[in-house]
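# Curious how this folds, go ahead:
(2 chains)
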There are 2 protein chains.
Amino acid sequence: MLTRAAPPRPLPPGTLVELPEEPTYRLKRRLLGRPLHTDQLAHERLGKPTALAVFASDNLSSSAYATEEILHVLVPVVGLAAFSLVVPITGAMLLVLGILILSYRQTIKAYPSAGGAYVVTRDNFGIVPAQVAGVALLLGYVLTVAVSVAAGAAALTSTFEALHPYRVGIACAFVAVILFGNLRGVRESGKVFAVPTYFFMLNMAVLIGVGLARFLTGDLPTADLEQEGLVELGDPGTGLLLGASAFLVMRAFAQGGAAVTGVEAISNGVPAFKPPEWRNARSTLVVMGAALGVMFFGLSALAAEMQVVPHEDGVPTVISEIGGLVYGDGLVGQVLYLCLQAGTTLILILAANTSYADFPRLANFQAGDSFLPRQLTKRGHRLVFSNGMLALSAASLVLVIGTGASVQRLIPMYAIGVFLSFTMSQAGMTRHHLRLKEPGWRLGVVINGVGAAVCALVCAIVAATQFTRGAWVIVVVVPILVVLLLRLHRQYVAEDVELERDVHAAATAPIMRRHVVLVFIDQLDRSSARAIQYARSLTPDDLRAVHVAADEQAAAELADEWRRLGLARLPLELVECPDRRVPRAALEVVAAALADGQTEVSVLIPRRLYRRAWHRLLHDRTADDIAEALARLAHANVTFVPYHFAEGEAVDTVDVAAL
Amino acid sequence: MLTRAAPPRPLPPGTLVELPEEPTYRLKRRLLGRPLHTDQLAHERLGKPTALAVFASDNLSSSAYATEEILHVLVPVVGLAAFSLVVPITGAMLLVLGILILSYRQTIKAYPSAGGAYVVTRDNFGIVPAQVAGVALLLGYVLTVAVSVAAGAAALTSTFEALHPYRVGIACAFVAVILFGNLRGVRESGKVFAVPTYFFMLNMAVLIGVGLARFLTGDLPTADLEQEGLVELGDPGTGLLLGASAFLVMRAFAQGGAAVTGVEAISNGVPAFKPPEWRNARSTLVVMGAALGVMFFGLSALAAEMQVVPHEDGVPTVISEIGGLVYGDGLVGQVLYLCLQAGTTLILILAANTSYADFPRLANFQAGDSFLPRQLTKRGHRLVFSNGMLALSAASLVLVIGTGASVQRLIPMYAIGVFLSFTMSQAGMTRHHLRLKEPGWRLGVVINGVGAAVCALVCAIVAATQFTRGAWVIVVVVPILVVLLLRLHRQYVAEDVELERDVHAAATAPIMRRHVVLVFIDQLDRSSARAIQYARSLTPDDLRAVHVAADEQAAAELADEWRRLGLARLPLELVECPDRRVPRAALEVVAAALADGQTEVSVLIPRRLYRRAWHRLLHDRTADDIAEALARLAHANVTFVPYHFAEGEAVDTVDVAAL
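Numbering: from 1, shown residues only, chains lettered A, B, ... in the order given. Have a look, this model is predicted:
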């Protein structure tokens, strides 16, 4: 009963059909490469250094803009005093980073297979709260792309000023290139990732090292504040500072929260580590945290010491200015500066790229739980979740274009989304410890409890201080999306419940008592002849041809021709249709045939298939209109009997002049 | 064998199906009224006074802008001398009018059933030249609409200056109202038409009469030329006038050609006259010509005598200025002025309306000859050729908006199109006389020969003098359209030839040797169960279920379930599909089944019908994709087996929180 066929065998030579691929498919194949087969899904295991390169780019690249974002909040309000605030604020954020590292160490151990916020929340709080985490994460991934390409474009235009006017275009081009690469199926090959990540880290080490050396030798230059128009602001009195700026410091801290984005990446990817997976992942996490800490602190300290003022539109970037000052104008300095900028641009693009792995994977996960459209579970031509990638690109392009590729305007949305998912994840971990009470659970509760509380606090700070600066978008969008996802889920569940009810009984149910075949005939031509031929190969209880007589004269002629045809088995029924609504008349005929509720009706409709699109435009789409009208009726099975116009000769031999 | 069914009988009570109308149809019905049945097509016979009102509005309304258009050409160049030129040029155009009247009297007698340029040209020169006449006529009808609504808007805004900025919008609104009225099926009821036509003629009679009386009493006022900035131009010397202006006079004459548009209307409508049709039509034609002649000449004479200067943008119109001057500022004068403007506006709208009868009728005619898309032969909801009306409206709106509702810019296109069709028609009549040699044919040859020559000359004058002012559009568009129409015709003929080749043999051809039914199963659910149930009611030589295994695990589960189902007649075939291109795999399976060239394959595809559009968006359209792929194969008959999701309960009882 069950035959497992080989892949469809090649057709014997000389058969009627040849099956060249469609032109659109040939183009796709040329662009994306040959299709990958499902069994080519492979997983690479990563050693710690490679794993750091693969998973850390998002997190480490945050150092490229975190210091600048803190300064962006402070400098316009408090002027020079900003430089005495930036290092303490950086320190506070590093404390948060430390707590997050400790917390995610717990997650890695508890969820060695997949420890993203979605899974942790689903496991510990249930599927509905998990959607909040899921939405926050998806938005976070979208913002990772937007922020990273915007910052990448800023790094590039800082280096080459002539490109400045094309900043938004450059950011969009980055998205396009990353999308194309991922649709082709860029594998998360460690080698590719290692180069830019370590190159960036090396550049940062050199920058901070040289800066430290010049600081120790008292040789560190200071930015020309007069040029920046900042001297007039002067140094506000300490009293003013204390009074006015509790809120301001919180805002600066909130904006600096962008620094810790991407911390969760390693906990999502534990299975990719070489065994013992969770141990290796944990130590990689600590290394990542340490590296970020050094870079972030180093950059903030250098910026403070050299009094580097961020520019209104973010170009040139603070890193670019620090690099320029630290390295100076000599040839070696110029080369080092270019390396620094190249490394920064590259790691930012790499960071955007990581979302192209994470977003489609999570979307596939949520769609598998029926909380997102199922199309997101479909693997494309090259085995990647193409639909998810397209959605991610579209959403991030909206943000990039909408904000004019401004990192400063994107960060409030980014920070609140990321800390929301952190909070859900850490709260889930706390619950996990309380539920399972595994060895060491008490310490776990403390660590993750503190983590959750701190993340919730940061989240609240961001929402409170940055609400009007973009955080409101997330505050508004998250609940709306969650409600939509729940609505969508209800629909899927309702459909599945209905589709699976008594399915075996339905499949083996007795057939209907009667089978009626109606052949709809418009005029007697070869396409109708095909339908008649097909109809005669069926063996129903009742077989009729039906003509809807929108034009009485044509109907009379058809009836005459039919009589001459002499098909004993196939009587022609003429249906009056004085209002010329052929689909409606067809609907009524078929409904009448179905009226006893014990009949299966097969409706045969001749369908002409034209060789060119414009040929089709020359005709009504009556066949499709009838089929569409009949779609309302249960047990009305519409069969299109195809008629293909021949290629070539018939057309060219018609002599118009002779008409 | 042949049963003529009554209109589909109402379903017996308690049947499965109820057939409420779709909401879109209910809206259509509300907007357009109840549908008209084909047998409600009726034809009114018109007496001469009514016929004049019905057919003459297009022609008579030309007097509303003809004088102005002549002045528009002359005044900017020769200043005051324009007023000595306008009457002679009007006289020349009236001579052309006289020749046309004589010529069309011949046409009316020779073609008493339908004597439009298309039919006359087709009869006498063949179908291809007829397309030139057809295209010229169709363009003429489009321009009638555009010119008339533009002139109507000018008349309205001349009266109410506050409306001036909305001129283009008003012209477009006129088109919309006329379209709506015609889609509802405004009948060519003589009563409706008589009121504005005779009201306009009455107003013109009063205007010219009062003007003549004031002229005879030496009381006719003169426009304030200083205010018009015309005095400085002065009166150029006669020498200059003669030298520079042969070309100018020809241009003015060409622009005045707009006056005689619509002359052919009566010859198109002979069958609508009371018997003896052709005699009545002929005398009505003469009356129309005389009326137009009096009005056109009277207005030109008044404009010349009072030195009325046309305005650059055509508002206020020359008629409005003449009316203002002739009637003066008294209360009676004001009332008479308002009546004049109202009459002018109304007859212009009526003139536009006539195209809504003529264009769709001619388009239906040409489409019936397979030179225009066949959709144009389809009568709509209210028995009118709705598609033709929509095409006419779209084309005229393009012209109205494109020219900013400027009569002056539209006239060159109008004149050349109209005179082109006149020329074709008269030349055809000349050939008609030469071919048939009916009594009086020699006089006919002279009359129509002169008519053809004069029309060709006017056509050449318009093309030569107005080429850069818009005539080029017609010169370019007509040949392009003619080529397109011929290409389209070739395609229709080729299709018909192919479709009708050996049709009786094809309809009675023996059926294919084998009939294979393939049921495509995605997963085992109620929609598949329906398809299985339907499949089991068929009796083919070979019946198989086919699953394209894009996901191997799902395929294995399906195979297990199938085994449990135990349907002896319906084996399940699993088709490997490692590249996940389900439609392509389906295509290859069906092509293999068809390979012997002696097989009919019925492909059953379960198709889920969702209750809401957004429900459908939640799913791939695999069923449609497969059907589309299979459309390439002859003898692959795709049957959609419908499954309708139930209304209501199932959906609402799902408890999301319980998941």
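# Ends of stretch A:586-600, what's the gap?
Chord length of stretch A:586-600, first to last residue, is 16 Å (Cα to Cα, to the nearest Å).
# Distance from the chain centre to it, please.
Taking Cα atoms, centre = their mean, to the nearest Å, one finds stretch A:586-600 lying 46 Å from the centre of the chain it belongs to.
# ok, it near chain B or not?
Yes. Contact of stretch A:586-600 with chain B (Cβ under 8 Å from any Cβ of the partner chain) involves A:587-589, A:591-592, A:594-597, A:600. Backbone N, C-alpha and C define where each C-beta goes, glycine included.
# what's the closest of these to B:Gln533?
A:Glu600 (8.2 Å; Cβ to Cβ).
# for whichever helix or strand the closest one is part of, packing partners?
Element membership for A:Glu600, per DSSP states H and E: strand A:599-609. The contact analysis (3 or more Cβ pairs under 8 Å, 6 or more residues apart in numbering or on different chains; DSSP states H and E) places strand A:599-609 against strand A:514-520, helix A:526-536, helix A:582-593, helix A:622-630, strand A:636-644.
# Mind putting those into JSON lines with mean neighbour count, distance to B:Lys48 and mean pLDDT?
Converted to JSON lines, the helices and strands packed on strand A:599-609 look like this (neighbours: other Cβ atoms under 10 Å in any protein chain shown; distance: least, Cβ to Cβ, whole Å; pLDDT from 0 to 100):
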{"stretch": "strand A:514-520", "mean neighbour count": "22", "distance to B:Lys48": "49", "mean pLDDT": "94"}
{"stretch": "helix A:526-536", "mean neighbour count": "24", "distance to B:Lys48": "49", "mean pLDDT": "92"}
{"stretch": "helix A:582-593", "mean neighbour count": "22", "distance to B:Lys48": "41", "mean pLDDT": "91"}
{"stretch": "helix A:622-630", "mean neighbour count": "19", "distance to B:Lys48": "44", "mean pLDDT": "90"}
{"stretch": "strand A:636-644", "mean neighbour count": "24", "distance to B:Lys48": "54", "mean pLDDT": "93"}
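# thinking again about what came up before, what pairs with the strand holding A:Glu600, parallel or antiparallel?
strand A:514-520 (parallel), strand A:636-644 (parallel) (DSSP bridges).
# so which of those strands comes closest to A:Asp620?
Using Cβ to Cβ, these put strand A:514-520 closest to A:Asp620, at 13.5 Å.
# Taking helix A:582-593 as reference, get the angle to the closest one.
Counting by axes from the mean of the first three to the mean of the last three Cα atoms, to 10 degrees, strand A:514-520 lies at 160 degrees to helix A:582-593.
# so where's the longest helix in chain A?
If you go by DSSP state H, chain A has its longest helix at helix A:331-368.
# anything in that one sitting right up against chain B?
No. Shown here: helix A:331-368 not in contact with chain B (Cβ under 8 Å from any Cβ), separated by at least 9.9 Å.
# tell me which residues in the next helix or strand after that helix are buried?
Counting by DSSP H and E, the next helix or strand C-terminal to helix A:331-368 is helix A:386-402. By neighbour count on 16 or more other Cβ atoms under 10 Å in any protein chain shown, the buried set for helix A:386-402 is A:386-389, A:391-393, A:395-397, A:399-400.
# May I see the residues you listed organised as CSV, with distance to chain B added?
CSV is the format used below for the buried residues of helix A:386-402 (distance: Cβ to the nearest Cβ, whole Å):
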residue, distance to chain B
A:Ser386, 11
A:Asn387, 10
A:Gly388, 14
A:Met389, 16
A:Ala391, 13
A:Leu392, 19
A:Ser393, 20
A:Ala395, 17
A:Ser396, 22
A:Leu397, 21
A:Leu399, 23
A:Val400, 26
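# Need these in a markdown table (columns: pLDDT).
Listed next are those as a markdown table, based on pLDDT from 0 to 100:
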| residue | pLDDT |
| --- | --- |
| A:Ser386 | 90 |
| A:Asn387 | 92 |
| A:Gly388 | 93 |
| A:Met389 | 94 |
| A:Ala391 | 95 |
| A:Leu392 | 96 |
| A:Ser393 | 97 |
| A:Ala395 | 96 |
| A:Ser396 | 96 |
| A:Leu397 | 96 |
| A:Leu399 | 95 |
| A:Val400 | 95 |
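# Regarding stretch A:306-315, how distant is the last residue from the first?
Stretch A:306-315: ends 18 Å apart by Cα to Cα.
# Roughly how far does A:Ser386 sit from B:Asp123?
61 Å (Cβ to Cβ, to the nearest Å).
# Surely A:Ala636 is in contact with A:Val601?
Yes. If you go by Cβ atoms under 8 Å, A:Ala636 and A:Val601 touch, sitting 5.1 Å apart.
# what residues are shared contacts of these two?
Residues within reach of A:Ala636 and of A:Val601 at once, by Cβ atoms under 8 Å, 6 or more residues apart in numbering or on different chains, are A:590, A:594.
# can you pull the contacts of the most centrally placed residue in chain A?
In chain A, the centroid-proximal residue (Cα atoms, centre = their mean) is A:Leu392; its distance is 2.8 Å. Shown in contact with A:Leu392 (Cβ under 8 Å, 6+ apart): A:141-142, A:145, A:355-356, A:359-360.
# if you look at the helix or strand where A:Pro129 lies, does any of it touch chain B?
Under the criterion of DSSP H and E, A:Pro129 resides in helix A:127-159. Yes. Against chain B, helix A:127-159 shows contacts by Cβ under 8 Å from any Cβ at A:127-128.
# Nearest to A:Val177 among the helices and strands packed on strand A:599-609 would be which one?
Using Cβ to Cβ, the nearest of the helices and strands packed on strand A:599-609 to A:Val177 is helix A:622-630, at 40.6 Å.
# on contacts alone, who are the packing partners of that closest one?
helix A:582-593, strand A:599-609, strand A:636-644.
# what inclination does the longest one have with respect to helix A:622-630?
Looking back up the chat, that one is helix A:582-593. Using the same axes, to 10 degrees: helix A:582-593 against helix A:622-630 is 50 degrees.
# helices and strands around helix A:582-593, which ones?
Applying 3+ Cβ pairs under 8 Å, 6+ apart, we find helix A:582-593 packed against strand A:514-520, strand A:542-549, strand A:572-576, strand A:599-609, helix A:622-630.
# Where does the prediction get shaky in chain A?
A:1-18, A:41-44, A:115, A:186-190, A:225-244, A:647-659 (pLDDT under 70).
# list the contacts for A:Phe296?
Listed by Cβ under 8 Å, 6+ apart, the contact set of A:Phe296 reads A:62-63, A:66-67, A:90, A:93-94, A:259.
# one step back: indicate which one of the strands paired with strand A:599-609 is closest to A:Ala456.
strand A:636-644 (57.2 Å).
# Format the CA atom coordinates belonging to the closest one as CSV.
Taking Å, rounded to 0.1, in the frame of the first residue of the first chain, the C-alpha atoms of strand A:636-644 are listed here in CSV:
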residue,chain,number,x,y,z
ALA,A,636,-18.7,21.7,-5.7
ASN,A,637,-15.4,20.5,-7.1
VAL,A,638,-14.1,22.7,-9.9
THR,A,639,-11.9,21.2,-12.5
PHE,A,640,-10.0,23.3,-14.9
VAL,A,641,-9.6,21.5,-18.2
PRO,A,642,-6.6,23.1,-19.8
TYR,A,643,-6.3,24.0,-23.4
HIS,A,644,-2.9,25.3,-24.6
